[in-house]
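Here is my input, please return the structure:
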Amino acid sequence: MPAMPEEAKVESKEGLIAFARHWYALANYGYQTGDVEPLREITGPDCYACKSYYKTVASGFREGWVSGAEIEILDVSSTYALTDNGRYQVLIQIVQEPLDFYTAANGFIKTVPGNDLPSVQMIEATFASSSWTAVDVVTIYHAG
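Got it, this is the predicted structure:
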């Protein structure tokens, strides 16, 4: 399991960027293992995209496993300005491999397309008690 980098425990632009990178490392960990709890621990309960991610992983590991799905970060940036609702925003440019679903009984079941062309997601995060929380994650640009 990816360990939280020390830099990601700091309330700074660099800390926010390190946190965002760690958030995606934990998302990849969930796709690899079916364990979404480490990501859930650093994510707010009202994150809509995160709920979809949790459901996808749970369905993939209910009677089998998921292959592929790796998210590659191409770029991360933030102006590190506090929004009116008390959050910081960080933009993450990513690509993702297709998700292949398998079961022990039937083998390969289906493929869910990834994205070869870069997409941009935004994490809105807050900082309290020496840790960041991803309050929401939204896709703001999806190529294709």
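
In the chain, what residue spans correspond to strands?
Remark: strands assigned in the chain by DSSP state E are 64-68, 71-77, 88-96, 99-103, 107-112, 115-128, 131-142.

Can you give me the distance of L39 to D116?
24 Å (CB to CB, to the nearest Å). Where you see a C-beta, it was placed from the backbone N, CA and C, and this is true even at glycine.

got it, and E97?
9 Å.

Looking at those two, which is more packed in?
E97 (17 against 11; other CB atoms under 10 Å).

Now do the same contact list for the spatially closest residue to that one that is not a sequence neighbour.
What sits nearest to E97 in space, not counting adjacent residues and going by CB to CB, 6 or more residues apart in numbering, is G68, at 4.2 Å. Contact analysis of G68 by CB atoms under 8 Å, 6 or more residues apart in numbering lists E97, P98, L99, D100, G114.

For H22, find the nearest of the strands of the chain.
Comparing the strands of the chain against H22 with CB to CB, the closest turns out to be strand 131-142 (8.7 Å).

Nothing else from me, thank you.
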